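S.K.: Show me how the following folds:
(one chain, ligands or ions: 1)
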Amino acid sequence: MPNSVLKGRSTRKTHTHTHDYYNRLSGHEGKTSSLFLLSLCYLPRSILPSPFHFHSLFSLIPPPLSLPLSLSLSPQFSRSPVSVNFIEVDNREMKEMNPWHTPVTIIITVIGVMAIVALVTVAVLQNRPLPQKYKYGIVMDAGSSHTALYIYEWPAEKDNNTGRVEQTHLCKVKGPGISSYASAPVKAGESLRLCMEEAKQWVPGKRHHQTPLYLGATAGMRLLNMANSSASDKVFQAVEGALQKFPFSYQGAKIISGQDEGAFGWITVNYLDERLKQGLETRGALDLGGASTQISFVSDNYDGSESPSNSVTFRLYGNDYNLYTHSFLCYGKDQSLRMMQAHQSQAGPATVLDPCFHPGYTATKNYSVLYDSPCVSDRKPKDAPDTFTHIGIGDFLQCQAAVKSVFNFTSCKYSRCSFNGVLQPLLQGPYGAFSAYYFVMNFLNLTDTSVPLEDVKEKLKRYCATNWDQIMQQHPEVKLKYLAEYCFSGTYILTLLTEGYNFTSESYSDIKFIKKIKGSDAGWTLGYMLNLTNMIPAEAPDTPLLPHPGYVSVVSVIAVLLFILFIVSLRPLWPRCSKQPQIV
Ligand SMILES: O=P(O)(O)OP(=O)(O)OP(=O)(O)OC[C@H]1O[C@@H](n2cnc3c(O)ncnc32)[C@H](O)[C@@H]1O
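M.R.: This is a model prediction of the structure:
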């Protein structure tokens, strides 16, 4: 039988009764109740009670309302004294007309909704960000001037080494660098204790045993090893003994080569900038320490064939790099000052007039202290007195000339050199200059490299000419040793960059003086740890098609669409409400 016919018949019948019923209600007690019942027609039929249940529904209406209704009904519909049965629809016919009412349809709908809810819930829960757990690594930078302890952390679940490693803590060891303890090695170990205790607090106890601990010694220990290898060994023994008492996974203490120091500094800078991961043009690294300085960059003019000792190759995140790097031992800020003063005092005078120190600066210094370094020891004047008077005259141009005396520009067997006969390819790309480059230029307020180089020199000239008393008054908070040396240090930095590395007035603006990148200090330590823990993959890791929130959204949208499709596919089973209110 066609649906329309069924529908027509049914509608008429139900309409009659509804109308009847409505009239009675409106004429008597309960307008509210009648409206409620009429509105039920517009609800999905599956949630409405069957005709039988309607009967029960009316039985719930309180007596003052139900009584007149029951009185108006013909006895044949009355199945109990309190119930009202006024719908004259055969149950069987009803089901044919509106199969939506069948239990199967209801069950399918409920299961469908439950399945969708379950699917979305599982997708959301499965992919929700878990409470973050971290892994840790500790690197000690045993430099010439001091030792620093760095703690790094990265998300523990990133097993394919794609998690970002960040510095969480820096502890500066009190006292000088470990190379200064050559005559009392045990003290070198003891000096590290406080920072190691701090590390125990920073790394969660559960992680202590899995946390690698490295100590890398740089130019100070290189020089000590050159001058007195057994003293250097004793310092390392003391340091090892001290570090092994702590619960971390001790991975050894060693001198890192100048080449490694340069290369790991370059990795740190480019890793933190995310240039390696994204395969972007890299940034050169300029590192100025106390006893050595490093320059590292990638140049199209350098393939490693000329002076292979300056070449380091890497494959990182699927890209090959041929890095030029060179470390100049003795050209750190402290050792270069020694070299310059050795040049000024070659004849062993009792008084040294120094253009790199402020006018009014006077100090008595010891010749044996000045010459106690392999960088200058062979130049010690024979008949010099024990001490000399160091007097500042604050003349920038003379200072520049004195600083230049520490560089040798005479011989170069390569296509081009920086100084001391060392190959240096053409400068290329942006540069990050850190450590003492930053400390000094930041103090002098000269970190803005968009300021023309001539203006920078002019400012420094005025600073150097300022009286020492005035300088001390202006900066009472600054360590006197640093304060006395800023004129020299600034002049040395500008001379090293322009005369040594051949930065021009134009390319000087390619340099950025930096201390930290995204919260982590620029320096070799991070690159060193990344290398030793294999944290940078050679090949680019496979990335998921969608990030987590995108994935959850797509799954949810698909689930909802499927549900709508499912409902639409049941269209033939949909109930049809006439425009007139009806009660089934
Ligand atoms: O790499 P090496 O050559 O072994 O040296 P280092 O590790 O001790 O070198 P740093 O980068 O720690 O420091 C570089 C120099 O900067 C000096 N320095 C540190 N803080 C400074 C500041 O605030 N102002 C001026 N100089 C500073 C420090 O004494 C060193 O001479």
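
S.K.: Please report how far residue 194 lies from residue 122.
M.R.: From residue 194 across to residue 122, the span is 50 Å (C-beta to C-beta, to the nearest Å). For the C-beta atoms, the positions are set from N, CA and C on the backbone; glycine is no exception.

S.K.: Who does residue 315 form a beta bridge with?
M.R.: residue 320 (DSSP bridges).

S.K.: Quick check: it vs the ligand, distance?
M.R.: 27 Å (C-beta to the nearest ligand atom, to the nearest Å).

S.K.: Repeat that for residue 518.
M.R.: 19 Å.

S.K.: Can you pull up the residues of the stretch 101-250 of the chain that come close to the ligand?
M.R.: 141, 143-146, 177, 218-220 (C-beta under 6 Å from any ligand atom).

S.K.: Can you name the two of these that sit furthest apart?
M.R.: 146 and 219 (12.4 Å; C-beta to C-beta).

S.K.: the more surrounded of those two?
M.R.: More crowded of residue 146 and residue 219, by other C-beta atoms under 10 Å: residue 219, with 31 against 18.

S.K.: is it true that residue 139 touches residue 216?
M.R.: Yes - counting by C-beta atoms under 8 Å, residue 139 does reach residue 216; the two are 6.7 Å apart.

S.K.: so what sits against both of the two?
M.R.: Taking C-beta atoms under 8 Å, 6 or more residues apart in numbering as the criterion, residue 139 and residue 216 both touch 525, 528.

S.K.: Identify the residue spatially nearest to residue 243, adjacent ones excluded.
M.R.: Among residues not flanking residue 243 along the chain, residue 250 sits closest, at 5.5 Å (C-beta to C-beta, 6 or more residues apart in numbering).

S.K.: Identify the bridge partners of that neighbour.
M.R.: Here residue 250, judged by DSSP bridges, has bridge partners residue 213.

S.K.: That one and residue 561, how far apart?
M.R.: Taken as C-beta to C-beta, the span from residue 250 to residue 561 is 57 Å.

S.K.: One more: residue 407?
M.R.: From residue 407 to residue 561 the distance is 72 Å (C-beta to C-beta).

S.K.: neighbour count winner among the two?
M.R.: Between residue 407 and residue 561, residue 407 has the larger neighbour count (other C-beta under 10 Å), namely 18 against 10.

S.K.: my read: that one touches residue 499, true?
M.R.: Yes - contact criterion C-beta under 8 Å: residue 407 and residue 499 qualify, at 6.5 Å.

S.K.: so what's in contact with these two at the same time?
M.R.: residue 419.

S.K.: got a list of contacts for stretch 300-314?
M.R.: So stretch 300-314 is in contact with 259, 262-263, 267, 320-326, 414-415, 422-423, 425-426, 428, going by C-beta under 8 Å, 6+ apart.

S.K.: Kindly indicate which of the residues of the stretch 101-250 of the chain next to the ligand lies nearest residue 491.
M.R.: residue 145 (19.3 Å).

S.K.: So which helix or strand of this structure has the lowest pLDDT on average?
M.R.: Counting by mean pLDDT, DSSP states H and E, the chain has its least confident helix or strand at helix 63-72, which shows a mean of 36.

S.K.: Quick one: neighbours of the closest residue to the ligand within the stretch 151-300 of the chain, just the number.
M.R.: Residue of the stretch 151-300 of the chain nearest the ligand, by C-beta to the nearest ligand atom: residue 289 (2.4 Å). When neighbours are counted by other C-beta under 10 Å, residue 289 registers 27.

S.K.: can you check residue 308 too?
M.R.: Neighbours of residue 308 (other C-beta under 10 Å): 9.

S.K.: just to revisit the earlier point, just the buried residues of the contacts of stretch 300-314.
M.R.: 259, 262-263, 267, 321, 323-326, 422-423, 425, 428 (16 or more other C-beta atoms under 10 Å).

S.K.: and the residues of the stretch 101-250 of the chain next to the ligand, which of them are in strands?
M.R.: residue 141 (DSSP state E).

S.K.: Could you save the residues of the stretch 101-250 of the chain next to the ligand as a markdown table and add columns showing pLDDT and distance to residue 228?
M.R.: Converted to a markdown table, these look like this (pLDDT from 0 to 100; distance: C-beta to C-beta, whole Å):
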| residue | pLDDT | distance to residue 228 |
| --- | --- | --- |
| 141 | 98 | 22 |
| 143 | 98 | 18 |
| 144 | 98 | 15 |
| 145 | 98 | 19 |
| 146 | 97 | 20 |
| 177 | 98 | 15 |
| 218 | 98 | 17 |
| 219 | 98 | 15 |
| 220 | 98 | 13 |
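
S.K.: so of the buried ones among the contacts of stretch 300-314, which ones are in helices?
M.R.: 259, 262-263, 267 (DSSP state H).

S.K.: just those residues now: which is nearest residue 433?
M.R.: Residue 433 lies nearest to residue 262 out of those, by C-beta to C-beta, at 13.1 Å.

S.K.: per-domain residue ranges of this protein.
M.R.: 3-106+562-579, 134-280+518-532, 333-513 (automatic domain parsing).

S.K.: ok, back up a step: what pLDDT does the model give the residue nearest to residue 243?
M.R.: Looking at residue 250, its pLDDT stands at 98.
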